[in-house]
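> From the sequence below, what's the structure:
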Amino acid sequence: MGVIHKIGRRKTAVARVYVSEGTGNITVNKKEFATYFPTATLQYKVLQPLSMTENVNNFDVKVNVYGGGSTGQAEAVRMALARVMCEVNAENRGILKPEGLLTRDPRMVERKKFGQKKARKRFQFSKR
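Numbering: from 1, shown residues only. I've put the predicted structure just below:
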């Protein structure tokens, strides 16, 4: 099979995933998967494409992820893994697509505008 390389993005996080056949080891930025994503929710998000396709213990995953926060990074890794699972077996697409794992979430932080407090909040106007 060799090594499959895919990219996933969410908000400002970018995840590069390298998947090869193995025993289920997952390393994220040269750290253990459970130490990099400490909460059960984030671990569930990352493992979701592997568990849905029943490939949790079939592949070794090496991840480089940067930018954004922990949730954005976990969802970026999830998207990249879902893309890899589709390349491994085309039938996996029918499993992952209805769950929305192959769709890029386009929501980004809106920029702050000049003369305003935040993106949409304005300074208070007082008439004296």
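
> now stretch 77-88: mean pLDDT?
For stretch 77-88, mean pLDDT rounds to 93.

> any residues touching it, and which ones?
1, 4, 6-10, 15-17, 19, 28, 45-46, 48-50, 53, 55, 59, 61, 63, 65, 92-93, 96, 101-102, 104 (C-beta atoms under 8 Å, 6 or more residues apart in numbering). Placement of C-beta: from N, CA and C, glycine included.

> Next, the buried residues of it.
Residues of stretch 77-88 classed as buried: 77, 78, 79, 80, 81, 82, 83, 84, 85, 86, 88 (neighbour count, 16 or more other C-beta atoms under 10 Å).

> filter the contacts of stretch 77-88 to the buried ones?
So, by 16+ other C-beta under 10 Å, the buried ones in the contacts of stretch 77-88 are 4, 6, 8-10, 15-17, 19, 28, 45-46, 48-50, 53, 55, 59, 61, 63, 65, 92-93, 96, 101-102.

> Inside strands: which ones of those residues?
For the buried ones among the contacts of stretch 77-88, the ones inside strands are 4, 6, 8-10, 15-17, 19, 28, 59, 61, 63, 65, with DSSP state E as the criterion.

> okay, now residue 117: neighbour count?
By the criterion of other C-beta atoms under 10 Å, residue 117 has 11 neighbours.

> Now it: closest residue in space that isn't a chain neighbour?
residue 123 (5.6 Å; C-beta to C-beta, 6 or more residues apart in numbering).
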